[in-house]
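>>> how would this look folded up:
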Amino acid sequence: MINNTLSSYSVSTPSIDTELDLADTGLKGIRQLESTLSFSPSLPLSISARQSWLVFAAAVFLVSVPVFVEAPIVRSLPSLSLALTGFWVWLSFALMSRPATYVWGDLLLGFSWSWLAGAIYWGWLRWEPLWHLPVEFIGLPFACWCLAKNWGKVGNWFYLGSLLGTVVTDVYFYIVDLMPYWRQIMRVDADVVPQILQDALMQVQAPWGQTWAIILAVVLLIVGISALGRNQRHWYAFGGAVLSTILVDSLFLLAAIAA
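Residues are numbered from 1 along each chain as shown. As a prediction, this is how the structure comes out:
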C-alpha cells in the first residue's frame, strides 16, 4: 500500500510542475503583452504630432496666400476671386467626405472665410480702411456656431487665429496713424506709391511706432506659442495663423524699406 501511494505521488508530481510552468509562461505572456501595450501608443502619437506640425505649416501658408496670391487676382478680377470662394467651399467638403483628408478639408473651409472677406474688401471696398475689419468678421457668426456644435474645429480656429492677427495689425495702423497712407496708396498711381510708403515708414520707425510694434508682436508671440503648447491640431492651426501674422507684417515692412 505504501509503495502504491508513493508511486501515485511520484506520478502526480510532474503534473504539478507542468501546471506551475504553464502558470509562469502565462504570467510572462501577460507581462509581455502589457509591455507591448505600454509602448504601442507611441506610434499613433508620433503620427499625430507630425500631422499637427503639418497643420501648423499649412496654416502659415494659407495666411500668406490671400496676401501674395489673392491680392493680384482681386485687383484685376474681383468677381473671379469672389467666385473662387465657392470652389474652396466645394473642395473643402469633398476633402472632408474622406477620413484620410478630413482635416485638410476642415482647414480649407476655415480658409474659405478669409478668402471671401479678402475678395469682398480688396475687390470693392479697399479705398476705405474703416471697412476692413467689419468685412473680415463676415465669417465669425458661422465659426462660432460651428464651434458651439463642436464641428470643424481645425478650420474655424484657423479662421479665428487669422482674424486675431488682422485685428492686431489694424489696431497698430490706428495707433501709429497709418490709415491716411492706406487711403492714399489705394487712390494714387503706382509710381507715387513708393514715396507714400517711405512717408509711412517714418511713422513706423519713430519711437512710438517701434514701441507699439514690439508690444503687439510680443502679444502675438505669447498667444501663438501658448496655443502650440496645447498639443491639439486645431490649436496648431490657430497658432500657425497667429504667428504667421508676424511673418506677413515683417514682409510688408521689408517691402516698404525696399521701396
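
>>> how far does stretch 80-98 sit from its chain's centre?
18 Å (C-alpha atoms, centre = their mean, to the nearest Å).

>>> got it, and stretch 68-86?
The answer for stretch 68-86 is 23 Å, by C-alpha atoms, centre = their mean.

>>> over to stretch 202-213?
On C-alpha atoms, centre = their mean, the centre of stretch 202-213 falls 29 Å from the chain's centre.

>>> tell me the mean pLDDT for it?
For stretch 202-213, mean pLDDT rounds to 95.

>>> first vs last residue of that stretch, how far apart are they?
13 Å (C-alpha to C-alpha, to the nearest Å).

>>> same thing with stretch 71-87?
17 Å.

>>> check which residues of it are buried.
Judged by neighbour count (16 or more other C-beta atoms under 10 Å), stretch 71-87 contains these buried residues: 73-74, 78, 81-82, 84-85. Yep, even glycine has a C-beta here, placed from its N, CA and C like the rest.

>>> and what of stretch 224-235?
Buried-residue list, stretch 224-235, by 16+ other C-beta under 10 Å: 224, 227-228, 232-235.

>>> pretty sure L116 contacts F142?
No: because the distance of 10.3 Å does not satisfy C-beta atoms under 8 Å, L116 is recorded as not touching F142.

>>> the more surrounded of the two?
Shown here are L116 and F142; by other C-beta atoms under 10 Å, L116 has more neighbours (21 against 16).

>>> now stretch 197-207: how far from the chain's centre is it?
31 Å.

>>> ditto for stretch 172-182
Worked out by C-alpha atoms, centre = their mean, stretch 172-182 lies 28 Å from the chain centre.

>>> ends of it, how far apart?
13 Å.

>>> and the closest residue to I175 other than its chain neighbours, how many neighbours?
With sequence-adjacent residues excluded and distances taken as C-beta to C-beta, 6 or more residues apart in numbering, I175 is closest to W212, at 5.2 Å. By other C-beta under 10 Å, 16 other residues sit near W212.

>>> how about I196?
For I196, using other C-beta under 10 Å, the count is 19.

>>> residues in contact with it?
By C-beta atoms under 8 Å, 6 or more residues apart in numbering, the contact set of I196 is 181, 184-185, 188.

>>> just to revisit the earlier point, let me know the closest of the buried residues of stretch 71-87 to V67.
Proximity of those to V67 (C-beta to C-beta) peaks at V74, which lies at 11.0 Å.

>>> which elements pack onto the helix or strand where that closest one lies?
According to DSSP states H and E, V74 maps onto helix 71-76. Contact partners of helix 71-76 among helices and strands, from 3 or more C-beta pairs under 8 Å, 6 or more residues apart in numbering; DSSP states H and E: helix 78-96, helix 102-120.

>>> and which of the buried residues of stretch 71-87 is nearest S250?
The nearest one, if we look at the buried residues of stretch 71-87 relative to S250 and count by C-beta to C-beta, is V74, at 22.5 Å.

>>> my guess is that closest one contacts L125. True?
No: if you go by C-beta under 8 Å, V74 and L125 don't touch, sitting 11.1 Å apart.

>>> buried sites along stretch 211-222?
212-213, 216-217, 220.

>>> mind listing residues that contact that stretch?
165, 168, 171-172, 175-176, 204, 242-243, 245-246.

>>> let's see that with 7 Å instead.
165, 168, 172, 175-176, 204, 242-243, 245-246 (C-beta atoms under 7 Å, 6 or more residues apart in numbering).

>>> and those residues, which is closest to I257?
The shortest approach to I257 among the contacts of stretch 211-222 belongs to V204, at 9.5 Å (C-beta to C-beta).
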